[in-house]
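Chemist: Fold the following, please.
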Amino acid sequence: METAPTAGHAPRQPPIEPLLVRVEEAARILSLSRSTVYEMLDTGELPSVRRGAARRIPLAALRDWVAKQSSLPGT
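Modeler: Predicted coordinates for the structure are as follows:
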């Protein structure tokens, strides 16, 4: 149940899940090192989006990667 806004305060909005994350965030999410994530990006194992010098990884790609790892034979 949402509470009524108080004077001078906007109602609370649910947090927005990001579509893209930084390499450091991806490493933390996957419990891997930054260098491992960069290797995965360089080999194409993980896709990324570039905007200038910034490199971001789609959160959906991290979920897909985990799902694929979980469904590999012998896991």
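
Chemist: can we go C-alpha only for contacts and neighbour counts from here?
Modeler: Will do.

Chemist: S48: what's it in contact with?
Modeler: 41, 55-58 (CA atoms under 8 Å, 6 or more residues apart in numbering).

Chemist: In PyMOL, select just the buried ones from those residues.
Modeler: Selection of the buried residues among the contacts of S48 in PyMOL, burial being defined by 16 or more other CA atoms under 10 Å:
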select buried, resi 41+56+57+58
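
Chemist: Determine the longest strand present in this structure.
Modeler: strand 54-58 (DSSP state E).

Chemist: Break down the chain into its helices, ranges please.
Modeler: Secondary structure of the chain by DSSP state H: the helices cover 23-30, 34-43, 59-70.

Chemist: now for the last one, which elements pack on it?
Modeler: What it means is helix 59-70. Packing partners of helix 59-70 (3 or more CA pairs under 8 Å, 6 or more residues apart in numbering; DSSP states H and E): helix 23-30.

Chemist: Could you pull out the buried residues of the helix it packs on?
Modeler: So helix 23-30, judged by 16+ other CA under 10 Å, has buried residues 23, 26-27.

Chemist: same deal with stretch 50-65?
Modeler: Buried residues in stretch 50-65 (16+ other CA under 10 Å): 56-59, 61-62.

Chemist: Can you pull out the residues in contact with that stretch?
Modeler: 18-23, 26, 30, 46-49.

Chemist: Repeat the analysis, applying 10 Å as the threshold.
Modeler: Contacts with stretch 50-65, where a contact means CA atoms under 10 Å, 6 or more residues apart in numbering, come from 17-27, 29-30, 37, 41, 45-49, 66-70.

Chemist: Point to the residue nearest the middle of this structure.
Modeler: L59 (3.3 Å; CA atoms, centre = their mean).

Chemist: pLDDT score for that residue?
Modeler: L59 carries a pLDDT value of 97.
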